[in-house]
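Student: Quick one, what's the 3D model for this:
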Amino acid sequence: QVQLVESGGGLVPAGGSLRLSCAASGRTVSNHAMGWFRQAPGKERELVAMSGGKTYYSDSVKGRFTISRDNAKNTVYLQMNSLNAEDTAVYYCAADGTYSGINMRNGRPDYWGQGTQVTVSS
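Tutor: Residues are numbered from 1 along each chain as shown. As a prediction, this is how the structure comes out:
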């Protein structure tokens with residue numbers, strides 16, 4: 001089992017930055033693909049970034065968001081820059097049972113965090 005706890009969400013003006021953190025326990029994240037999903041009101045949950053066998057970014061965040069890991073702290077981060085109103089969503093940390101992240105890329109990671117709200121004011 002992997003437990004994931006997100007932090008760092010909040011209210012930020014358009015053009016601003018936030019860094020989300022995801023602290024993992026139960027297993028070391030270095031053995032798992034780790035990622036971030038988001039879900040905006042009325043929209044489906046989407047994968048925005050993943051770190052594992054490959055690094056993935058959705059087109060909507062590419063060039064603005066960066067996923068990183070600190071294996072010593074068993075923590076994954078999502079640095080979000082140049083935020084806009086379309087980035088407003090609940091952001092979920094996720095872990096895959098594999099390092100390739102095949103389940104996550106199919107939208108079904110093995111573990112989820114509880115989510116953290118990010119609101120960008122325009």
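Student: Leaving out chain neighbours, which residue sits closest to residue 65?
Tutor: Once flanking residues are discounted, residue 65 sits nearest to residue 80: 5.1 Å by C-beta to C-beta, 6 or more residues apart in numbering. No exception for glycine: its C-beta is placed from N, CA and C like everyone else's.
Student: Beyond the lowest-mean-pLDDT helix or strand in the chain, next helix or strand please.
Tutor: Least confident element among the helices and strands of the chain, by mean pLDDT, DSSP states H and E: helix 102-105 (a mean of 94). Next along the chain after helix 102-105, taking DSSP states H and E as the criterion, comes strand 111-112.
Student: could you say which helix or strand contains the residue nearest the centre of the chain?
Tutor: Nearest to the geometric centre of the chain sits residue 36, at 2.0 Å (C-alpha atoms, centre = their mean). Element membership for residue 36 (DSSP H and E) is strand 34-39.
Student: Give me the buried positions along that strand.
Tutor: Across strand 34-39, burial judged by 16 or more other C-beta atoms under 10 Å covers 34, 35, 36, 37, 38.
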